[in-house]
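In: next one to model:
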Amino acid sequence: MNGTMEAAIQSLLRSSENLQAALEVEVTQLQERGDLSSSSTDDRSRRILAVVSHRRDYVGDEEGSVLIFKRTPGRSMEDLSVEVAYPISGSFSFSVAQARRKTLDLRPSGGETGASLCQSRSELTLTIKYELATEIRSHTLIARDTRKLQSFTAECRRLKDMFTRHEFDADFSWLSLYTQENSLKSFSSPVDLRMVNVPLHTRLSPASAGLPGDDADDISIVRENWIYNKAIEEAFTGSSARLLIRTGTFNVNGKMPSQDLSPWLRPTKRNSEISGWISPLKAISPLDILPNPVDEQMTTSLGASSATLAHASLNNDAKVSDPDLLVLGFQELDLSTEALLYATSTVKEDAWVEAILAGLGERGILYEKLASKQLVGMLIVAIAKKSRLSCFSDIRFSTAGAGIMGIMGNKGATAIRMSYTPLAQEISPSPTVLTFVNAHLAAFDEMVERRNFDFHDLSRRLVFDQPDELDSNSYANTASETSRRPVGLFESDVLFWMVHLNYRIDLADGDVRELLTSFPGPGNVPLLLKYDQLKMAIASRKAFAGFSEHAITHMPSYRYASNTSEDSLGYDRKRKPAWTDRILHMSAPSVPVTQRSYCSHPQITLSDHRPVSADFDLNVSIVDKQRREIAASKLYRELWGVEHSSKTPKIKLQPMKLDFGKIYYRRPIRQTLSIQNNGQIPCVYRFVTADAEQPICPQWLKIDPVAGLLRPGESSTITVTVFVDNSSASRLNLLPPRLDFTLILHTALGKDHFISVTGEYQHTCFANKLARLTRLPCPVRSMKSPNDQVPAQQLVNAPREVMRLINWLMTYVTDPSDLFNGLIEESICINIRECLDTGDQFPSPQSGGEHGPLTTAIVSTLVQLLDSLVDPVVPPYLHARCLQMTSRDEAFELLDEFPPESVNVWISLTAFLHYMSLQKLSSQSSTNQAEMAERLATVFASVLLRDDSTGLYTPVSPIGKRKFLLHFVG
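Out: Residues are numbered from 1 along each chain as shown. Here you go, the predicted model:
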């Protein structure tokens, strides 16, 4: 069969099914006298009948079925979907008869040819019947091609005869793949974000070399993930739609609107001081240590990390276009006692909605309220541009209390879920599901565990049922869809939380205020955030795991004085400042989200909180919904049953050995593997461990992707990256330089393949213990063995690497401001590190010229070296004692308890910092000497007194660390 129709049908079938006959027909309508007529002459009435046979691998007999295909109006022949599938069994029958017409007008007309008259006379009716337990399904169709009709009926008779002879061997299970409800599965609705954002290989069964896991289950997981993404790829139209969303959160403390809300609502170019925005720090600090470049470049196939704490620079000063959608969350809308027991009127909601529209100013006429939902003190409001209202549909609501007894509305959450469908011509795009949550969690510093619990409890209880028109106020008419199942909070493409979370700062009140007011004031925000309870909850996966929160550059939004005593920054003296009001998000890899701003608005002073806003830019790919469903059905049929096949998957892997040559600290090296499926069935592959107790690969090695799927004849590339960070270097520095490892690639239901990875590690002075560095006989790269050490009586007072950096700075830096100016150039830092490891001379600064970049690189390398030490210069068990020192003399006496190697480094470094603080500052500098000493102490204190990562010792106050260092520097 070489025709277009036959080729289109065969392309939709799996390799185990063959097309035996195909026939184009039209749907008929019964007339009152029993005459028949075609319902219309367009694509909507046309169908294609196909006789399909299936032969199992292990049985020679065939099973047959009749598939009725429907064409998509206005589309090509390839866009076919299965309308119904009938097995050719004992319940199947058909009949053919001459079509009965009311009147056949034989008079030729100007628009009718002899050929069309002949075709009219050859019309036949084909009736197909299938007997079910409770009914008989019947289809009456008009066929005009008698030759193909004869072929169709002959094949039906042949396959039915075969069924009669082998009735007890037939099961027709393969046919379920061609029914719509099975072939689409969950491919057309969002996957749970918590699942789609974790690495695929972590969802597979435990497996190791020679001990495969549940291969059949692994095939199912990888297949479903692959089909979901591949169907989107094939249905992508090549264009995208931009959706601008402005989100906000505001605890109004029971107040009615009494101020202009435009700063909160209208993204415009704003002065940094007015907006509460702080310029990101330029100063060198431990926070400036370069991130892992491997993690930044890993592709989405590995999934998102468990917690993304993004710190990219935000363009808060850039002018942003008007948002298409505003979603705002209010808390403590109503503080009355009655409000805790039952819902009150919408008077306050109406007042705030009116204030929002007024705050939009002259642009307010372009917007209209889309939806809102209130749970006593919590209100969430969505306002959209009128030109975009038709894009939003299927709006649903959910509420859950988390206050008194877990049901009253003083704490809890309200949420809105909506589908956004871009405007497009000629196609029906797949919708993007957006979910917004407004929550208010438990207060007080010590209630952090309760807040973590409430997050998980609300995430479970916020379920979106079929909408109740009486219980919602929305623009979209959602009553037309009556058979929708309840969906969970994370079944979204993008999920936003605009919330008053009440997470606090785990520092003493005085320390928080001092860091906010002392030099460099707002520049201490990153240091304060190290003690933020929400950041710690995300990092430990106790709450909001997988959510992203962009860099906080604004001052704490709580608690400002309101008719109470206030400090110099306007905060209430009785409440410790904190970032209680936050905006977080999580998105599927298929929906790129860019955050444009994140700031507070201190101009709005009606509450003890300051409102917070965030602008998001969504790049929504326009995906043809129908084509996606067709592609998913086709792919599912093509890949189904691999785990039941009698054939073995086969792959070709090249090369089988990867030699990375010289491997340096913090320098990524990448090589690729080529994998090709040269077998006859789809192949699922994954990397496995050598044994159950070992990882898939060592810490210095990363693989992307770790698992995947290839159809017969397809090939793909696997990227293998070597990157040595501090953790890896601390172990490799003590081992011989030769690196050898074997990667094991397992093919599901197939065999294992072994790839050799080799390299020559170049030892480094970074990520060592101070004691080891003082006993090195020479530069680390010149050592014959990692075990080479000088006798204890010959050790140096301080590591030569630290002293080289300090001596260079003492020699060439005359203005301490130069330590903090300029960008860090990684290429210069690499050169400096190499000089430290080999003993080569540092690059010489240009005589009388600008040496800012070199100075910045030297300072940055010094900070990195100190921060990379396995143990900090000051042991954690002495941190609490350091904070007890009240004078310079006491501080110097405490040095007697320092390890010997730490004492010399401490004295040398603090002497340098003291010398720098006494230098004359340039006339352009606005910093005095005392402020410079404080700035130097702020940068180096958290490195020299680095917190214990094991959790054995409780972290101490950063203010206390700084004060202890100032005893030596100031």
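In: now the strands for the stretch 601-750 of the chain?
Out: For the stretch 601-750 of the chain, strands defined by DSSP state E, counting those that start in this stretch occupy the ranges 612-623, 651-654, 657-663, 669-677, 683-688, 701-704, 707-710, 715-722, 738-747.
In: which residues touch the fifth one?
Out: In this structure, residues lying in contact with strand 683-688 by Cβ atoms under 8 Å, 6 or more residues apart in numbering are 201, 204, 207-209, 212, 215, 218-219, 222-223, 642, 649-651, 675, 677, 696-697, 703, 706-710, 743-748, 750, 752. All C-beta spots, glycine's among them, are computed from the backbone N, C-alpha and C.
In: list buried residues within these.
Out: 201, 204, 207-208, 212, 215, 218-219, 222-223, 642, 649-651, 675, 677, 696-697, 703, 706-710, 743-748, 750 (16 or more other Cβ atoms under 10 Å).
In: next, count neighbours for the closest residue to R194 other than its chain neighbours.
Out: Nearest non-adjacent residue to R194, counting by Cβ to Cβ, 6 or more residues apart in numbering: F490, 5.3 Å away. Here the count is done by other Cβ atoms under 10 Å, and F490 has 19 residues near it.
In: now do the same for F490: helix, strand or coil?
Out: coil (DSSP: H, G, I helix; E, B strand; the rest coil).
In: can you give me the distance of it to Q98?
Out: Separation of F490 from Q98 (Cβ to Cβ, to the nearest Å): 59 Å.
In: check contacts around H746.
Out: Counted by Cβ under 8 Å, 6+ apart, H746 has contacts 207, 209, 212, 685-688, 752-753.
In: let me have the strands of the stretch 601-750 of the chain in TSV, adding distance to T856 as columns.
Out: Output for the strands of the stretch 601-750 of the chain, formatted as TSV (distance: least, Cβ to Cβ, whole Å):
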stretch	distance to T856
strand 612-623	32
strand 651-654	44
strand 657-663	27
strand 669-677	26
strand 683-688	40
strand 701-704	30
strand 707-710	42
strand 715-722	28
strand 738-747	33
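In: please identify the most buried of those strands.
Out: strand 683-688 (a mean of 25; mean count of other Cβ atoms under 10 Å).
In: now that one, how far from the chain's geometric center?
Out: 23 Å (Cα atoms, centre = their mean, to the nearest Å).
In: next one: stretch 682-702
Out: 23 Å.
In: separation between the nearest residue to A707 once chain neighbours are set aside and I651?
Out: Leaving aside its chain neighbours, A707 sits nearest to R686 (4.0 Å; criterion: Cβ to Cβ, 6+ apart). Computed with Cβ to Cβ, the distance linking R686 and I651 is 12 Å.
In: cool, H746 as well?
Out: 11 Å.
In: low-confidence stretches in the stretch 501-650 of the chain?
Out: 519-521 (pLDDT under 70).
In: can you do 90?
Out: The stretch 501-650 of the chain contains residues with pLDDT under 90 at 517-524, 526-527, 559, 561-568, 574, 626-627, 629-647.
In: can you map out the helices along it?
Out: 509-517, 525-529, 533-539, 625-639 (DSSP state H, counting those that start in this stretch).
In: closest one to V463 among those?
Out: helix 533-539 (23.5 Å; Cβ to Cβ).
In: returning to that earlier point: any idea which of the contacts of H746 the model trusts least?
Out: For these, the weakest pLDDT value sits at P212, with 85.
In: so V82, which of the three states?
Out: Reduced to three states by three-state DSSP, V82 is strand.
In: who does it form a beta bridge with?
Out: F69 (DSSP bridges).
In: the one 4 residues further on now?
Out: Under DSSP bridges, the beta-bridge partners of Y86 are V66.
In: so it sits against I128, correct?
Out: Yes. Between Y86 and I128 there is a contact under Cβ atoms under 8 Å: 7.0 Å.
In: who touches both of those two?
Out: 66, 92.
In: could you pull up the residues touching L149?
Out: 23, 96, 124, 126, 143.
In: out of those residues, which is nearest to N502?
Out: L23 (68.1 Å).
In: touching, the closest one and Q150? I think so.
Out: No. Under the criterion of Cβ under 8 Å, L23 is not in contact with Q150, lying 9.7 Å apart.
In: looking at these two, which has the bigger crowd around it?
Out: Comparing L23 with Q150 by other Cβ under 10 Å, the one with more neighbours is L23, at 23 against 13.
In: which helix or strand contains that one?
Out: strand 17-30 (DSSP states H and E).
In: identify the residues contacting that strand?
Out: 1, 3, 5-6, 9-10, 13, 36-39, 41, 45-55, 64, 125-126, 140-145, 148-149, 151-152, 154-155, 159, 174.
In: so where is the stretch 651-800 of the chain shaky, pLDDT-wise?
Out: 691-694, 789-797.
In: one more time with 70, if that's ok
Out: Judged by pLDDT under 70, no stretch of the stretch 651-800 of the chain qualifies at all.
In: where's R772, which helix or strand?
Out: helix 770-773.
In: report all helices and strands that that helix contacts.
Out: When contacts are defined as 3 or more Cβ pairs under 8 Å, 6 or more residues apart in numbering; DSSP states H and E, helix 770-773 packs onto helix 800-812, helix 900-917.
In: ok, which stretches of the stretch 1-150 of the chain are helices?
Out: Going by DSSP H, counting those that start in this stretch, the stretch 1-150 of the chain shows helices at 4-12, 114-121, 146-165.
In: of the ones you listed, give the one that comes closest to P522.
Out: Short answer: helix 4-12, nearest of the helices of the stretch 1-150 of the chain by Cβ to Cβ, at 61.8 Å.
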